[in-house]
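Participant: Provided below are the primary sequence and the corresponding predicted coordinates.
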Amino acid sequence: MLNAVAGGGTFVVFPALMFMGVPPIPANATNTVSLWLGTAASTRAYRHHLNIPRRVLLPLLITGTVGSVAGAFLLVRTPAHTFLHAVPWLMLLATLLFAFGGYLGGLIHAGEPHDLSREAVAGMTAAEAAVAIYGGYFGGGIGIMNLAMFAAMGMTDIHAMNALKVILVAVINGTAMVTFIVTRTVYWPQTIVITAGALLGGYYGAHYSQRLPQSWVRGAVIATGVAMTAYFFVKAYL
């Protein structure tokens, strides 16, 4: 439900897996696979809000796929704890961008997707590539990072932003999921249990979030970002 409403399901699942004794890299891979179906289930609930032109959506999907593969292979080949030290700073940046991105969007005059210039689309695509690499490597907070990027581009409809976010996160996590399965990094018993909850929460959470005032949903996103930032700072440095 947290993923569907504001992103940040990893904040709950990844620490829980590590608490149960799953090593960091398999815990990250298991978390990605477990939550993917819940994210995919959310896409149907948001289908009426996804009105993004192809010239904007297609580059984002391509860079999301390629970047996710790169990040997933990087995770499999390097210690996860090294990257975890960078995670709280990334979460802090993403939360600040989302909270104040509307002001930045007003400065760069980008606007809604149909109004984006070629330069704005190119910048958005480059930013999505970086988000996808991070998402394939760790995944925690990529929903918030995407929302921050959309806010910086000047998008103001939180439900349209959530729709695009869910599509991109589903692509990024789905691509990483295939990589983790092929490299046999997933703990399947834990995956089955978490997936059952992710399916229910993802679908019904997406429907519920659309009945809330936009200010409430935006507040939930910011609160999630603050909580994730605090948690990862404690995890990395204390």
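Facilitator: Great, that's in hand.

Participant: low-confidence ranges in this protein?
Facilitator: Per-residue confidence for the chain (pLDDT under 70) gives these ranges: 2-8, 41-42, 44-50, 80, 101-116, 206, 209-210, 214.

Participant: now the helices for it?
Facilitator: Listed in chain order, the helices found in the chain under DSSP state H are 2-5, 10-19, 24-45, 54-77, 80-84, 87-108, 118-137, 142-152, 158-182, 188-209, 214-237.

Participant: ranking those helices by burial, who's on top?
Facilitator: helix 142-152 (a mean of 27; mean count of other CB atoms under 10 Å). C-beta here means a position set from N, CA and C on the backbone, and glycine is covered the same way.

Participant: measure the closest residue to L97 other than its chain neighbours to I142 for me?
Facilitator: Leaving aside its sequence neighbours, L97 sits nearest to A148 (CB to CB, 6 or more residues apart in numbering; 3.4 Å). Separation of A148 from I142 (CB to CB, to the nearest Å): 10 Å.

Participant: same check, this time on S34
Facilitator: Counting by CB to CB, the gap from S34 to I142 is 15 Å.

Participant: Test my guess that K235 contacts H81.
Facilitator: No. Using CB atoms under 8 Å, K235 is not in contact with H81, being 9.7 Å away.

Participant: check contacts around L17.
Facilitator: L17 sits next to A27, T30, N31, Y187, Q190 when contact means CB atoms under 8 Å, 6 or more residues apart in numbering.

Participant: quick check, nearest of these to P15?
Facilitator: A27 (8.6 Å; CB to CB).

Participant: how about that closest one, what does it touch?
Facilitator: By CB under 8 Å, 6+ apart, the contact list for A27 reads F14, L17, M18, Y187.

Participant: And the residues you listed, which is closest to A129?
Facilitator: Set against A129, the nearest of the contacts of A27 by CB to CB is F14 (23.2 Å).

Participant: Give me the distance between the closest residue to that closest one other than its chain neighbours and A151.
Facilitator: Excluding the flanking residues, the one nearest F14 by CB to CB, 6+ apart is N31, at 4.7 Å. According to CB to CB, N31 stands 25 Å off from A151.

Participant: go on, T32?
Facilitator: Taken as CB to CB, the span from T32 to A151 is 25 Å.

Participant: Ok, S117 next?
Facilitator: According to CB to CB, S117 stands 17 Å off from A151.

Participant: what do you get for V186?
Facilitator: Going from V186 to A151 by CB to CB gives 33 Å.

Participant: Confirm for me that T63 is in contact with M124.
Facilitator: No. Judged on CB under 8 Å, T63 makes no contact with M124 at a distance of 9.4 Å.

Participant: returning to that earlier point: from memory the residue nearest to L97 sits against F100, does it?
Facilitator: No. Applying CB under 8 Å as the test, A148 and F100 come out as separate, 9.4 Å apart.
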